[in-house]
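Undergrad: Starting from these lines, generate the structure:
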Amino acid sequence: MLKGLTIRGSIVGTRQDMVEALEFYERGLIHPTYSKRPLSDINAVFDEMHHGKIDGRVVIDYSYADAQ
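TA: Numbers count the residues shown, from 1 in each chain. The predicted model follows:
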């Protein structure tokens, strides 16, 4: 975390599948559904996840400064 590294994985597909998916994205053929939320929203995110209310993925942004 201190080096800002991100590790992503998948339990399905091959490396070639991943290459093809990234090429589709690069060419603008797919548009992933995601939202960025601050760490302070973590409990709400877990609640939404538990109740099946999340469309796509949620990215917790640790650098996001909450407006208070």
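Undergrad: need the next SSE after the top helix by length along the chain, C-terminal direction.
TA: In the chain, ranked by residue count with DSSP state H as the criterion, the top helix is helix 15-26. Tracing the chain past helix 15-26, the next element assigned as helix or strand by DSSP states H and E is strand 34-38.
Undergrad: list the buried ones in the helix or strand bottoming out on mean pLDDT in the chain?
TA: Ranked by mean pLDDT, DSSP states H and E, the weakest helix or strand in the chain is helix 15-26, scoring a mean of 90. The neighbour-count criterion (16 or more other C-beta atoms under 10 Å) identifies no buried residues in helix 15-26. From N, CA and C alone the C-beta is placed, and that goes for glycine too.
Undergrad: for the longest helix of the chain, packing partners?
TA: Contacts of helix 15-26 with other secondary structure elements, assessed using 3 or more C-beta pairs under 8 Å, 6 or more residues apart in numbering; DSSP states H and E, are absent: no helix or strand is involved.
Undergrad: Extract the CA atoms of that helix and return them as PDB.
TA: Output of helix 15-26 as PDB, limited to C-alpha atoms (Å, rounded to 0.1, in the frame of the first residue of the first chain):
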ATOM      1  CA  ARG A  15      -4.200 -14.400 -19.700                       C
ATOM      2  CA  GLN A  16      -5.300 -14.100 -23.400                       C
ATOM      3  CA  ASP A  17      -8.900 -13.400 -22.200                       C
ATOM      4  CA  MET A  18      -7.500 -10.600 -20.100                       C
ATOM      5  CA  VAL A  19      -5.500  -9.200 -23.000                       C
ATOM      6  CA  GLU A  20      -8.600  -9.300 -25.300                       C
ATOM      7  CA  ALA A  21     -10.800  -7.600 -22.600                       C
ATOM      8  CA  LEU A  22      -8.200  -4.800 -22.200                       C
ATOM      9  CA  GLU A  23      -8.000  -4.400 -26.000                       C
ATOM     10  CA  PHE A  24     -11.900  -4.100 -26.100                       C
ATOM     11  CA  TYR A  25     -11.700  -1.400 -23.400                       C
ATOM     12  CA  GLU A  26      -8.900   0.400 -25.200                       C
END
